[in-house]
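[1] Curious how this folds, go ahead:
(one chain, ligands or ions: 1)
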Amino acid sequence: MTRLLLLGGTGDALAVARHLHAPHVYSLADLGRVPRNLVCAVRVGGFGGIAGLGAYLRDEHIGLVIDATHPYAAQMSRHAHEACVLADVPLWAVRRAPWHPQAGDDWREAEDWRGIVERIASYERPLWTMGREPLAHLHEIPAAQFWTIRCLDPHEGHVRATIIDARGPFDLDGERALFDASRIDIVVSKNSGGRATEAKLAVARERGLPVVMLTRPPLPRAGREFHDAARTVAALAEHNLISTT
Ligand code: NAP
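    Have a look, this model is predicted:
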């Protein structure tokens, strides 16, 4: 039987993992919550780069890798691609489709942290929804700004910022209340795609607020690519790699 290694860290990955049985393996970086109710094997922590992952594929007799990491986890995706080429193991990927601007949206693309800072310079109350990176820049908050940062990392707080530890999904009413309470005048986001965190974009649209969107990193191609968990599970079942009954 072909043994699968599923690289996770997203809702799509967890949805696929729920269809896996032993001896398949679900792999997580050592960052967030580890689900306890899966029947496949779960491993936690890095592999030690491309060489480490290559050794793991060989030692554990992995016959297919599915990269279902977040679209901004580009290093893991690159390592998976290179290790699979070296070990001659096929690679599939779950690549969630990005959001696209709609009528009324005012999106401003930024390539990196510097680009983001330039684009928010004339605003006062940014809402950061791009993970932990802003926490490393709290000492750089300009005198005219107050930041609202939503991320999963615990933090003791800061005099010039509110740090909100909250996990999606987020709905429209909740986002409207947050924008009101924090007097948000600009949003900073990754283009993660999916439904769970898109309400903030709708609220920015209805209020005519700009969104600074961090450009997606380039990702290596995979042998097969799927936009969501359901199509990935269907393909696994078609190839008799899992049973859906
Ligand atoms: P990254 O920069 O691409 O990866 C950093 C290192 O973390 C990798 O080189 C690898 O270590 C380890 N790693 C990442 N994903 C792993 C996995 N599924 N299993 C085992 N090791 C893993 O990733 P990141 O942006 O820090 O994200 C870390 C994790 O959080 C990813 O699994 C991702 O799916 C999830 N996540 C990321 C974001 C985001 O915005 N970046 C958002 C939501 C969830 P070794 O080199 O030692 O193997």
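
[2] any idea what the residue nearest to the spatial centre of the chain is structurally, helix, strand or coil?
    In the chain, the residue lying closest to the centroid (CA atoms, centre = their mean) is H70, at 3.3 Å. Classification of H70 by DSSP: H, G, I helix; E, B strand; the rest coil places it in coil.

[3] Scan the protein for its longest helix.
    helix 74-87 (DSSP state H).

[4] how about it, does it reach the ligand?
    Yes: counting by CB under 6 Å from any ligand atom, the ligand is contacted by helix 74-87 at A74, Q75, M76, H79. Any C-beta I mention is one placed from the backbone N, CA and C, and that applies to glycine too.

[5] Just give the closest residue to the residue nearest to the centre of the chain, not the sequence neighbours.
    T10 (5.2 Å; CB to CB, 6 or more residues apart in numbering).

[6] and that neighbour, how many neighbours does it have?
    Neighbours of T10 under the rule other CB atoms under 10 Å: 20.

[7] so it touches A68, yeah?
    Yes: counting by CB atoms under 8 Å, T10 touches A68, with 5.9 Å between them.

[8] intersection of neighbour lists for the two?
    V94 (CB atoms under 8 Å, 6 or more residues apart in numbering).

[9] Are we agreed that V212 is in a helix?
    No: according to three-state DSSP, V212 belongs to no helix; its state is strand.

[10] Was I right to think it contacts N191?
    No: between V212 and N191 there is no contact under CB under 8 Å: 10.8 Å.

[11] out of these two, which sits in the more crowded spot?
    Neighbour count, other CB under 10 Å: between V212 and N191, V212 has more, with 23 against 20.

[12] Done for today, thanks.
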